[in-house]
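Asker: Sequence unavailable; structure follows:
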């Protein structure tokens, strides 16, 4: 008789979300930057409190936030795991990342 072993791997989902105001701003910036097909903004972490955005194309393992077919935000699994749950929002000062 064969014994079958089942393993269940549960991933802890840490997610960075994009709020509507930030989505609109990033879409506008992509248009102004004349982003090519498949290009979006990559979220990069300079240190624990500083982040930047740059135009890039997605790579394997990236999480991609799209609007329709347009790539808007690209987040590597390393950045997402380091940051944890967070939202990117927009206010009168610009775009900011709110953790937790």
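Answerer: Nice, I can see it. Here the structure is a predicted model, which is why all the values come from computation and not from measurement.
Asker: Return the list of helices and strands in contact with the worst-scoring helix or strand of the chain on mean pLDDT.
Answerer: Of all helical and strand segments in the chain, the minimum by mean pLDDT, DSSP states H and E falls on strand 94-99, at a mean of 78. In terms of contacts (3 or more C-beta pairs under 8 Å, 6 or more residues apart in numbering; DSSP states H and E), strand 94-99 is packed against helix 20-32, strand 86-91. The C-beta positions use only the backbone N, C-alpha and C, and glycine is treated the same way.
Asker: cutoff 7 Å now
Answerer: Where contact means 3 or more C-beta pairs under 7 Å, 6 or more residues apart in numbering; DSSP states H and E, strand 94-99 is packed against strand 86-91.
Asker: Now do the strand it packs on, average pLDDT.
Answerer: Strand 86-91 comes out with an average pLDDT of 84.
Asker: Starting from that strand, tell me which strands it pairs with and how they run.
Answerer: strand 16-18 (parallel), strand 94-99 (antiparallel) (DSSP bridges).
Asker: Go through those strands and pick out the most buried.
Answerer: strand 16-18 (a mean of 18; mean count of other C-beta atoms under 10 Å).
Asker: Fine by me, thanks again.
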